[in-house]
Every structure is written in C-alpha cells, then in structure tokens.
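# coords please:
(one chain, ligands or ions: 1)
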Amino acid sequence: MASSRLSITIIIATLAAIAMAGCARKQDDDQRIVLGFSQIGSESAWRLANTESIKSAAATSNIDLRFSDAQQKQENQIAAIRGFIADKVDVIAFAPVVTTGWDAVLLEAKAAGIPVILTDRAVSADASLYAGFLGSDFVEEGRKAARWVVDQFPDPKSTVNIVQLQGTAGAAPAQDRQKGFEEIIGQHAQFRIIRSETADFERAQGEAVMARVLADTKTPAGSKAQIHVLFAHNDDMALGAIKAIEAAGLRPGKDIRIVSIDAVRAAFEAMIAGKLNATVECNPLMGPQLMTSVTEVVSGRPIARRHFVDEAVFTQDTARQAIQTRKY
Ligand code: GZL
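Residues are numbered from 1 along each chain as shown. Reported below is the predicted structural model:
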C-alpha cells in the first residue's frame, strides 16, 4: 500500500516538474524582446518583400513581433503605435507612410519610455523622438535615374520630353526621388518634364494615369506632345504604364524609354522583354539589420542615426545575368 502511495507521489511530483518546466519555457518566451511594427500596407512588390524580410528576421532572431498593416493610412499607423504603447512593447518600429504628422505619437512613445526606430521612409520630426533611421538614400536614387536618362540623350541641342509618375503624395521616397531626378535633369538644356502626376506607387494607378497622360499631353503650343522618357518613382507604376503605352499602340522601351526604381523581379522580366530600360535598386531586405538595431536599442546601446543600404542600377544589358541572384 505504502509503495503505491509513493508511486503516486512520484508521478504527481514528475507531472508538476514538467508543468513548471513548461511554465519556465513559457516564462522564457515571455522574456523575448517584444517589437511592435507598423507597416504601411501591401501596395507594391517592394512592400511585400520588405514585410517578408521583417517577419522572417524577427522569427530567426526569436523576437516577439506584433505586426500591423495600415493599408496606406496614417491614422491606422498612429492607432497601431498607440496600441503598442498601451501593450508596453519593448521597442516600436515603423515605415511612415508620409513625412509629417508624427510628433504627437512619437512624444507619447517617448513619455512611455519606448524607443522608436524608423525604417524605409524618414519623417519631418525632432530627431530626439526616434533612436535612428534604417533605409535608402532616395535623393541619390533619383539622381541615378536621371544620370541614366542623360546618358541616353546626350545631345544638348535635342528636345527630350519627360513624363514623371510620382509615388504617394507627401511620402519621403516620392519627394526625394523627384528632388534628386530634377537636380540632375535641370543641369541639361535638352530635357523638359512635361507632366508629373501621382499614381500612389500602385501598378493599376500607373496604368490609368499613363493612359490619361498619353491621351491628353500637349506641348505648350497646344500640339500633341511626343513623350520620349517615362520616369516612374517605382517599378509597379512603370509596369502599369507599360500596359497603357502598349494599349496606345506604342512600343514601351523603344518609342518611350522607361526608367524606374526598386529593382523588383518583375522589373528584370520587363527589361529582358525589352519593355523597361533601367531600374535603380532600392533594397527592401532590411529585416536582419532592423532586428540587430532592435537588440542594440533594448540593450541600451546607441544605433546609427541614419543607416543607408548599398544599391545599384540595372539595365537591359545586365538584367539577364542579375535576375539569377535576385532575392526579391
Ligand atoms: C521605398 C519604399 C517605396 C517603394 C515602393 O523605400 O518606401 O514604397 O519604392 C513602395 O515600391 O510602395
């Protein structure tokens, strides 16, 4: 009888130990860094690659990621950040859809003692309100696109009409890519930007806006303007515009030369098909670097105020080779 009581006691003690271990593991999990991340949306292939990079890097780094998709609405991002503050996450990171309107919520995060890391796009706010920025130099991306155009049309006595498809109004990549492009183009007399219209970084809007521009673009004298170059702030809008150019009976990549930015896989496929001429790389694969920065910030160590990723320019001549090694 005594031995059976002892056996039961041992079984209960063993089960209790397993349960405690489970709690301990759960306890360990609870000690993981909790990162609240507000993503802009899923508006482009670039954004999807950026999201995948962040999610997979968080999993690899054993960081508890609380992910929110704002569907390109600033009010949704602000609400998500307030939710992260209420949940007392360890760090907040976000890709701000536009540059302005963040001071109040950044002050709330600071008051709550939660560090903030900006990714992808910058903001016009007091730099003391965030720990650092991780992303690309959009002004240089615009300059690179313009330098490619200058190389295609070197004759200063020629007339080269350019249409520009802009990204989201108020967004840092839209503002800065335009700034860099116009800085270089403005140094050469042969170029005229005859139309600039936003298509919100989206492929469908790129097609619709380009169709309208093709139908009604006139020279200052009122005659139908010939469009020689399309500069699109991202590949998705360029790919939509290519469809509109074909629908208008013109040959994209030949009748209208096209340069865009991002260097997503579909852009390489379009270059191989001869429909896109060049794309400037904008690297979305910043997940691992973000997790390193998150870990540094939680440990109380400073991170780079601005960390730019290296980026290249790809053309039809290099597309077939480069597509073999592309990760997005
Ligand atoms: C750039 C990123 C831009 C991409 C677009 O870093 O913010 O937003 O160029 C994306 O494709 O929609």
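# and stretch 304-314, does that touch the ligand?
No - using Cβ under 6 Å from any ligand atom, stretch 304-314 stays clear of the ligand, with a minimum separation of 9.7 Å. C-betas here are computed from N, CA, C, even on glycine.
# Stretch 130-145 now?
Yes - judged by Cβ under 6 Å from any ligand atom, stretch 130-145 comes into contact with the ligand at 135, 136.
# for stretch 57-75, same thing?
No - using Cβ under 6 Å from any ligand atom, we find that stretch 57-75 stays clear of the ligand, coming within 8.6 Å at best.
# Quote the end-to-end distance of that stretch.
27 Å (Cα to Cα, to the nearest Å).
# Buried residues, it. List them.
Applying a neighbour-count criterion of 16 or more other Cβ atoms under 10 Å, one finds 57, 58, 61, 63, 65, 66, 68, 69, 70, 72, 74 buried in stretch 57-75.
# What are the boundaries of the helices in the stretch 151-300 of the chain?
Using DSSP state H, counting those that start in this stretch, the helices of the stretch 151-300 of the chain run over residues 172-185, 203-216, 235-247, 265-272, 287-298.
# Identify, out of the ones you listed, the most deeply packed stretch.
helix 235-247 (a mean of 24; mean count of other Cβ atoms under 10 Å).
# outside of that one, which residues touch it?
The contact list for helix 235-247 (Cβ atoms under 8 Å, 6 or more residues apart in numbering) reads 43-46, 165, 167, 199, 201-211, 214, 230, 232, 251-253, 255-256, 258-264, 266-267, 270, 275-276, 279.
# So which of those would count as near the ligand as well?
43, 44, 46, 201, 261, 262.
# What about these, which are in strands?
Within these, residues falling in strands by DSSP state E are 261, 262.
# rewinding a little: could the helices of the stretch 151-300 of the chain go into a markdown table alongside mean pLDDT?
Formatted as a markdown table, the helices of the stretch 151-300 of the chain follow (pLDDT from 0 to 100):
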| stretch | mean pLDDT |
| --- | --- |
| helix 172-185 | 98 |
| helix 203-216 | 96 |
| helix 235-247 | 98 |
| helix 265-272 | 98 |
| helix 287-298 | 96 |
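# Redo those as CSV? Include distance to residue 192.
Output for the helices of the stretch 151-300 of the chain, formatted as CSV (distance: least, Cβ to Cβ, whole Å):
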stretch, distance to residue 192
helix 172-185, 9
helix 203-216, 14
helix 235-247, 19
helix 265-272, 25
helix 287-298, 40
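# between the ones you listed, which gets nearest to residue 114?
Ranking the helices of the stretch 151-300 of the chain by proximity to residue 114 (Cβ to Cβ) places helix 287-298 first, at 9.9 Å.
# can you tell me if the closest one touches the ligand.
No - judged by Cβ under 6 Å from any ligand atom, helix 287-298 stays clear of the ligand, getting no closer than 13.3 Å.
# Report the distance from the helix or strand immediately after that helix in the chain to the chain centre.
Next in sequence after helix 287-298, counting helices and strands by DSSP states H and E, comes strand 306-308. Relative to its chain's centre, strand 306-308 lies at 14 Å (Cα atoms, centre = their mean, to the nearest Å).
# Around the ligand, pick out the residues from the protein.
On the criterion Cβ under 6 Å from any ligand atom, the ligand has as its neighbours in the chain the residues 43-44, 46-47, 120-121, 135-136, 173, 201, 234, 236, 261-262, 282.
# Out of those, the closest to residue 189 would be?
Nearest to residue 189 among the residues of the chain next to the ligand, counting by Cβ to Cβ, is residue 261 at 24.9 Å.
# Quick check: that closest one touching residue 280?
Yes - Residue 261 is within contact range of residue 280, at 4.5 Å (criterion: Cβ atoms under 8 Å).
# Need the residues touching each of these two.
Among the neighbours of residue 261, those also in contact with residue 280 (Cβ under 8 Å, 6+ apart) are 141, 145.
# Settle it for me: which of the two has more neighbours?
residue 261 (31 against 28; other Cβ atoms under 10 Å).
# any low-confidence regions in the stretch 1-150 of the chain?
The stretch 1-150 of the chain contains residues with pLDDT under 70 at 1-30.
# And the helices in it, which stretches?
Here the stretch 1-150 of the chain has its helices, by DSSP H, counting those that start in this stretch, at 2-30, 45-60, 74-86, 103-111, 138-152.
# related to what we said a few turns ago, just the buried residues of the residues of the chain next to the ligand.
43-44, 46-47, 120-121, 135-136, 173, 201, 234, 236, 261-262, 282.
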